[in-house]
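Engineer: with the input below, show me the fold.
(chains A and B)
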Amino acid sequence: MSMKKNYVVETIRKAQLAQLLAGGKRMDERRLDQTRELKIETGLIQKANGSARVTLGNTQVIAGVKIATGIPFPDTPDKGILMVNAEILPMSSPYAEPGPPSEGAIELARVVDRGIRESEMVDLSKLSLVPGKSVVAVFVDCNVMNVDGNLFDAMSYAVVSALRTAKMKKYAVKDEKAEATDQWVPVPVERTPVSVTMARIGEKLVVDPNTEEEASMDMRITITTDDDGNICASQKGEASFISPAQVLEAADTSIRVGREIRAKIMEATK
Amino acid sequence: MEGAKVAGTRKLIDGKGTRLDGRKWDELRPISLQVGLMKNADGSAYIEWGKNKIMAAVYGPKEVHPKHQVLPDRALLRCRYHMAPFSVDDRKNPAPSRREIEISKVTREALQPAVIVEDYPRTAIEVWIEVLQSDGGSRCAGITAASLALADAGINMRDMVVGCSCGLIEDTVVSDLDDTEDKEGDGDMPVAIMPNLGQVTLFQVDGIYTREKFQKAFELAIEKGKQIYGMQRAALNARFFGGEGAVTQVEEAAE
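Structural biologist: Next comes the predicted model:
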């Protein structure tokens, strides 16, 4: 979502931020690779199979998991369905508006979905009930409640935390028909992907940009890593470029910072 | 879905490192580029890349409508990546999907660094990319063609933009995944570069890469991009200086 309003103010602000960064400083006195305070609360929505509220600085996202049975996709008849969606609520910022999702909101949902999916966080082969006919479908919907930059990571942490704590009914298959039993089991979570987003302002990359930094950034890159430090998803954004060396620097930063964040998510969802 | 197979039911690469279509790990599919085929457009380019058939057309600089979208200091770059309903195995709904909306966005962001938008304040430059047939790597092919169409339209540019996707089949890094390899393979990494400036303008990753394989795939994509840039230059040369070969075909045989 664009917060850019005034060309003159924006240009002056950007120069100020870039100058500070050249001296290794940020407006809120964080280190360049330091994230804001991360708070994770789980199980706050009783009607959902799993839920999490993530507060990253002043950015706040609520993710809720709903689980149902569905028909598998024709090209993956023996795999369950996982879908991640995002809605940037009109209450979340003075610049957000109701209506169909913007290009930015679509990108946000798809990048978070890619990180979860590509890391193979949920073992979808364990969600097959009757191959080709019936599978478990896991929907994760995210409400962005308050915007202060870096929706990508806040949303990703909310989805991961909600999935890690989600419970689903165990299904029994009789005569090719799946029926829910009274027994509750966890969602088959195998891995814990962590996304780390960096913004380039001037020459420097800063981790976990806030709204003010996002308004001044030229380029944004999100990299998701898994428990073994593998890279499983990435997306460069904004109408600027990045040097090959800086891509590799961003990869190393995301592995390092991702490890710290993963420990926090594990602690909050154990 | 005709042609779709359950992932993992067939070998995409054999013990000798040969892929289903006979290519080695670092080979490209055949590519042909033609510039300036469309009559009405200010610039256009057509690319065939494997079974991809993609037309890109550019209009502008032109007046901006609606007017509130006018940018006082630069041109507004508009981009649409669209797939024809008949371009894929199952008919695609012609309405833009969420995938196409995202690709349109990243395509615009891949092209804009090369376009000197500051030279055309208060105008719009429109880039239309139509995928007539899709075969894996279509966003990179679209960007490669769109960059040619922008040059054909005479828009001031810092550099060309050229895309190439690399990825993983099992544990092997490979270049230029086709449709089957994209669907059944283990990772896809579309990269676009400005070859003379040595900068990356499109970067997306999916699949599970060790840090080492990640770097190998990324560096291979850049290397392949530089190779395709040579074909872009040849296509522009033929368009503007080629005499009888005003329309040219530049091919790199796969075998």
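Engineer: quick one: the host helix or strand of residue A:152 to chain centroid distance?
Structural biologist: Following DSSP states H and E, one finds residue A:152 within helix A:151-164. Here helix A:151-164 is found 5 Å from its chain centre; the criterion is C-alpha atoms, centre = their mean, to the nearest Å.
Engineer: likewise stretch B:97-109?
Structural biologist: With C-alpha atoms, centre = their mean, you get 12 Å for stretch B:97-109.
Engineer: with just CA atoms, put the helix holding residue A:152 into PDB.
Structural biologist: Provided in PDB are the C-alpha atoms of helix A:151-164 (Å, rounded to 0.1, in the frame of the first residue of the first chain):
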ATOM      1  CA  LEU A 151       3.200  -6.500   6.500                       C
ATOM      2  CA  PHE A 152       5.000  -9.400   4.700                       C
ATOM      3  CA  ASP A 153       6.900 -10.600   7.800                       C
ATOM      4  CA  ALA A 154       4.100  -9.800  10.300                       C
ATOM      5  CA  MET A 155       1.600 -11.700   8.200                       C
ATOM      6  CA  SER A 156       4.000 -14.600   7.700                       C
ATOM      7  CA  TYR A 157       4.700 -15.000  11.400                       C
ATOM      8  CA  ALA A 158       1.000 -14.800  12.100                       C
ATOM      9  CA  VAL A 159       0.200 -17.600   9.600                       C
ATOM     10  CA  VAL A 160       3.100 -19.800  10.900                       C
ATOM     11  CA  SER A 161       2.000 -19.300  14.500                       C
ATOM     12  CA  ALA A 162      -1.600 -20.000  13.700                       C
ATOM     13  CA  LEU A 163      -0.800 -23.200  11.800                       C
ATOM     14  CA  ARG A 164       1.600 -24.400  14.500                       C
END
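Engineer: buried stuff in the helix or strand following that helix?
Structural biologist: The C-terminal neighbour of helix A:151-164 among helices and strands, as given by DSSP H and E, is strand A:167-174. By neighbour count with 16 or more other C-beta atoms under 10 Å in any protein chain shown, strand A:167-174 contains the buried residues A:168-169, A:171. Where you see a C-beta, it was placed from the backbone N, CA and C, and this is true even at glycine.
Engineer: still on that earlier bit, pull out the buried residues from the helix holding residue A:152.
Structural biologist: Quick answer for helix A:151-164 (16+ other C-beta under 10 Å): A:151-164.
Engineer: please work out the average pLDDT along that helix.
Structural biologist: Mean pLDDT, helix A:151-164: 98.
Engineer: and the strands in chain B, which stretches?
Structural biologist: Assigned by DSSP state E, the strands in chain B fall at B:31-35, B:43-49, B:52-63, B:76-83, B:123-133, B:162-169, B:172-175, B:187-194, B:199-209.
Engineer: out of those, which gets nearest to chain A?
Structural biologist: The stretch from these with the least distance to chain A (C-beta to the nearest C-beta) is strand B:199-209; that distance is 3.6 Å.
Engineer: picking that back up, tabulate the buried residues of helix A:151-164 (a markdown table), appending distance to residue A:256.
Structural biologist: Output for these, formatted as a markdown table (distance: C-beta to C-beta, whole Å):
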| residue | distance to residue A:256 |
| --- | --- |
| A:151 | 22 |
| A:152 | 18 |
| A:153 | 15 |
| A:154 | 19 |
| A:155 | 21 |
| A:156 | 17 |
| A:157 | 17 |
| A:158 | 22 |
| A:159 | 22 |
| A:160 | 18 |
| A:161 | 21 |
| A:162 | 25 |
| A:163 | 24 |
| A:164 | 22 |
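Engineer: what is the nearest of these to chain B?
Structural biologist: residue A:152 (13.3 Å).
Engineer: residues contacting the closest one?
Structural biologist: Shown in contact with residue A:152 (C-beta atoms under 8 Å, 6 or more residues apart in numbering or on different chains): A:108, A:111-112, A:195, A:197, A:222.
Engineer: so which of the residues you listed wins on neighbours?
Structural biologist: Counting neighbours by other C-beta atoms under 10 Å in any protein chain shown, residue A:112 comes out on top of the contacts of residue A:152 with 33 neighbours.
Engineer: host element of that one?
Structural biologist: Going by DSSP H and E, residue A:112 is part of helix A:103-118.
Engineer: report whether that helix contacts chain B.
Structural biologist: Yes - interface with chain B: helix A:103-118 contributes A:103-104, A:106-107, A:109-110, A:114, A:117-118 (C-beta under 8 Å from any C-beta of the partner chain).
Engineer: buried subset of these as a PyMOL selection?
Structural biologist: Only the buried entries of the residues of helix A:103-118 next to chain B go into this PyMOL selection, using 16+ other C-beta under 10 Å:
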select buried, chain A and resi 104+106+107+109+110+114+117+118
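Engineer: let me see the ranges of the helices in chain B.
Structural biologist: B:98-111, B:138-152, B:179-184, B:211-241 (DSSP state H).
Engineer: picking that back up, out of the strands of chain B, nearest to residue A:32?
Structural biologist: strand B:199-209 (20.3 Å; C-beta to C-beta).
Engineer: elements contacting that closest one?
Structural biologist: Counting by 3 or more C-beta pairs under 8 Å, 6 or more residues apart in numbering or on different chains; DSSP states H and E, the packing neighbours recorded for strand B:199-209 are helix A:103-118, strand A:231-237, helix A:244-268, helix B:98-111, helix B:138-152, strand B:162-169, strand B:187-194, helix B:211-241.
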